[in-house]
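Chemist: Sequence first, predicted coordinates after that:
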Amino acid sequence: MSKNHWWGPPGGGLFQGFPWGFNAGRQRFFETGEVRLAILSLLAEGPKHGYQLMKEMQDRSGGFYRASAGSIYPTLQQLEDEGMVRAETVNGRRVYQLTDEGRAELAADPDAVRNIWDRAEQYEDWGKFMRPDTIAILPWVSALVKEAMRAATRADPERVRKILDRAKDELEGL
C-alpha cells in the first residue's frame, strides 16, 4: 500500500467520515502546494528539523500520511531559496525556522492552512481504529454500505436507517 494510501480523506457530503474511496476521487492527502503550507504552519510553532516535520505530519493525520524525505527536504530547500525559512545546523542537524516572509505567506491564506489541519484531524479520528485487525473488516463494511445504498433505492430509506441504527447500536454494545 502506498504511503498516502488508496482511500480518500474523511469529510465531504453524504459519506462524511469514511476514509475509503467515497470522496470525489481524492487520492492524495495533500493537494498541490499544501505540503508547503503545512511545513510553514508547523514552523510557525517553532524551529524544527526535517524528521520532526515528517513525524508531526504523521502524528496529526493519525498515521494516514507518512511524509517522505523526498517530499519534505526538497520543499524545505525551495522554501529556504525563497527566503520563507532559514536553516542553521544544531547538533549536526539542519533546523529550520520561519522568516518574516514565511509568516507573510502563511497569513495570506489562513483558510487553506486551517483546512489542511481540519482534514488531518478527521484522519486522526479514524487513525486510532486503523490497525491490521480492524482493516481486515473493510470488505464487509464496504459490502454493508453498498447493500444499504441499494436497499434505500428500492425500499423506504427510513426503514434502512432503522436497520443500520440497530446494527450500530449492537456494535457499540460490544
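Modeler: Yep, that arrived. Numbering: from 1, shown residues only.
Chemist: May I see the buried residues of the host helix or strand of Asp169?
Modeler: Taking DSSP states H and E as the definition, Asp169 sits inside helix 157-172. The neighbour-count check on helix 157-172 (16 or more other CB atoms under 10 Å) flags Val160 as buried. Every C-beta, even on glycine, is put in place using the N, C-alpha and C of the backbone.
Chemist: And for stretch 44-52?
Modeler: Quick answer for stretch 44-52 (16+ other CB under 10 Å): Lys48, His49, Gly50, Gln52.
Chemist: Identify all contacting residues around the helix holding Asp169.
Modeler: Outside helix 157-172, the residues that touch it by CB atoms under 8 Å, 6 or more residues apart in numbering are Leu144, Ala148, Ala151, Ala152.
Chemist: Swap in 10 Å and give it another go.
Modeler: Leu144, Val145, Glu147, Ala148, Met149, Arg150, Ala151, Ala152, Thr153, Arg154, Ala155, Asp156 (CB atoms under 10 Å, 6 or more residues apart in numbering).
Chemist: Quick check: what element follows the lowest-mean-pLDDT helix or strand in the chain along the chain?
Modeler: Within the chain, judged by mean pLDDT, DSSP states H and E, the helix or strand with the poorest mean is helix 132-135; its value is a mean of 72. Later in the chain than helix 132-135, the nearest helix or strand by DSSP H and E is helix 138-154.
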